[in-house]
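Novice: Turn this into a structure:
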Amino acid sequence: MKKLFIFCLLWSVVFPQVIIKQVNYNGWPHAVMLQKDDSRLVIAPGIGGRIMEFSLRGLNPIWQNPEEFGKTYPISDVWHNYGGYKIWNAPQAVWGWPPDPFLDYGKASVEIIKDGVRVYGAPSLKAGIMFIKEITFLERGRIKIVQRMRNISGREVRWSIWDVTQVSTPCFVVFPAEKNSKFPEGLYFFDEPSRKSSQWKIKNGLVIVEYKGETGKIGLDSSSNWMLYLKNNLAYVKRFPIFKGADYPDEGCSVEVYTNSKELPYLEMEVLSPLVSLKPGEEYSFWEEWSLWILSHPVKVEGDIPGAIRELALAGILPIDAFKYLP
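Specialist: Modelled structure (predicted):
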């Protein structure tokens, strides 16, 4: 294995199945690109090691903020909304706002591993942790991310690993509703405007989110293990483990969706691990698999969603039990 810090010379590594090389990406000169056939993934170590692109045939569901292209900042309490995928520590109620800048955009380093990379995030003394991500290509259009949280402090800490992935809009996001939800309306609403929003509904056993340019947030105590993003012909699926009976943040939410206003039109697909207590030096891992698929028919309206679910289940992108949600 070879450790590559962000200020090294240009380089390229070729595995039998995956090409990994350093590139200039939207003004960030030390980005790392992984490419397998016509799918690729781009990581920007200079802004926290976040994933800024995961694309198939050039179609990238991940939202990027063009106002921040190429920019880096000294660590401060000012939040910089780059877009992309990153890990925060949950619950947010413990730390409020803004997010920890070391965890959010502190400079990361990258190590090459077989068919992928290991990304070491900046340590946060305040939170007592650092995040390490192992990202590997499994096949064309499919990756695995092992998210690790390490206690780097001299005290016990208790956090959840919180995946925050900003995606482009307009779009639909779909995931199974919880039949035995602890929440009376089937969803956890983070505020009263979210409760009144028309962006979300439960239909045929599915939570259906349609971005409409409103700010809001919902969560769910889901016992199912997938979330689906649909925009035109592009499908993006997150799959992850669920631990029944575990203690999850935010009143028990394992999945959440945040919608931003139309001034910055993005949506967040959020997956949370259980809360875990770590003694000094201990580490906890939580994995996700991401898949991209080009649909045979575009999803333009809500009525197109069942056809997309059927196609994805037949292709093995969604679990076979997804058929039970078809009308």
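Novice: contacting residues for the closest residue to S198 other than its chain neighbours?
Specialist: Counting by C-beta to C-beta, 6 or more residues apart in numbering, the nearest residue to S198 once its immediate chain neighbours are dropped is K212, at 6.7 Å. C-betas here are computed from N, CA, C, even on glycine. Contacts for K212 (C-beta atoms under 8 Å, 6 or more residues apart in numbering) come out as S197, S198, Q199, T259.
Novice: run the last query once more with 10 Å
Specialist: Residues in contact with K212 (C-beta atoms under 10 Å, 6 or more residues apart in numbering) are T169, P170, S197, S198, Q199, W200, T259, K262.
Novice: And for P241?
Specialist: N225, S254, V271, S273, P274, F286, W287, E288.
Novice: do the same with G27
Specialist: By C-beta under 10 Å, 6+ apart, the contact set of G27 is A44, G46, P66, E68, F69, G70, K71, T72.
Novice: one more time with 8 Å
Specialist: Counting by C-beta under 8 Å, 6+ apart, G27 has contacts F69, G70, K71.
Novice: Now intersect those with the helices, please.
Specialist: Using DSSP state H, no member of the contacts of G27 falls within helices.
Novice: Identify, from those residues, the entry nearest to I218.
Specialist: Nearest to I218, judged by C-beta to C-beta, of the contacts of G27 is F69 at 30.5 Å.
Novice: just checking, the closest one touches A31?
Specialist: No. With contact defined as C-beta atoms under 8 Å, F69 does not reach A31; the gap is 11.4 Å.
Novice: Give me the more crowded residue out of the two.
Specialist: Under the neighbour definition other C-beta atoms under 10 Å, F69 and A31 were set side by side, and A31 has more, 22 against 14.
Novice: And the pLDDT for that one?
Specialist: A31 is assigned 98 on the pLDDT scale.
Novice: Look up the residues forming beta bridges with it.
Specialist: Counting by DSSP bridges, A31 is bridged to V23.
Novice: Quick one: residues contacting it.
Specialist: A31 touches Q22, V23, N24, Y25, V42, I43, A44, P45, G46, M52, counting by C-beta under 8 Å, 6+ apart.
Novice: go with 7 Å
Specialist: Shown in contact with A31 (C-beta atoms under 7 Å, 6 or more residues apart in numbering): V23, N24, Y25, V42, I43, A44.
Novice: What segments of the stretch 1-150 of the chain are helices?
Specialist: 92-95, 101-105 (DSSP state H, counting those that start in this stretch).
Novice: Distance from the longest one to the middle of the chain?
Specialist: The one in question is helix 101-105. Relative to its parent chain, helix 101-105 has a centroid offset of 16 Å by C-alpha atoms, centre = their mean, to the nearest Å.
Novice: Kindly report the same for the shortest one.
Specialist: A distance of 19 Å separates the centroid of the chain from that of helix 92-95, by C-alpha atoms, centre = their mean.
Novice: Tell me the buried residues in that helix?
Specialist: W95 (16 or more other C-beta atoms under 10 Å).
Novice: Could I get the average pLDDT for that helix?
Specialist: 98.
Novice: Same question for stretch 242-251.
Specialist: 97.
Novice: tell me how far the ends of it are from each other?
Specialist: One end of stretch 242-251 sits 16 Å from the other (C-alpha to C-alpha, to the nearest Å).
Novice: Now tell me what touches it from outside.
Specialist: 90-91, 160, 188, 219, 221-225, 254, 256, 272, 274-275.
Novice: Could you do stretch 260-267 as well?
Specialist: 63, 65, 81, 83, 166-169, 171, 173, 211, 213-215, 257-259.
Novice: for the longest strand seen in the chain, packing partners?
Specialist: Criterion DSSP state E: the longest strand present in the chain is strand 283-299. With contacts taken as 3 or more C-beta pairs under 7 Å, 6 or more residues apart in numbering; DSSP states H and E, strand 283-299 sits against strand 50-56, strand 142-151, strand 226-239, helix 305-314.
Novice: Save the ones you listed as a markdown table, and put in mean pLDDT too.
Specialist: Shown next, in a markdown table, are the helices and strands packed on strand 283-299 (pLDDT from 0 to 100):
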| stretch | mean pLDDT |
| --- | --- |
| strand 50-56 | 98 |
| strand 142-151 | 98 |
| strand 226-239 | 98 |
| helix 305-314 | 98 |
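Novice: With distance to P193 as extra columns, can I get the ones you listed in CSV?
Specialist: Converted to CSV, these look like this (distance: least, C-beta to C-beta, whole Å):
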stretch, distance to P193
strand 50-56, 28
strand 142-151, 31
strand 226-239, 23
helix 305-314, 25
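Novice: In JSON lines, list these along with mean neighbour count.
Specialist: JSON lines is the format used below for these (neighbours: other C-beta atoms under 10 Å):
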{"stretch": "strand 50-56", "mean neighbour count": "23"}
{"stretch": "strand 142-151", "mean neighbour count": "21"}
{"stretch": "strand 226-239", "mean neighbour count": "22"}
{"stretch": "helix 305-314", "mean neighbour count": "18"}
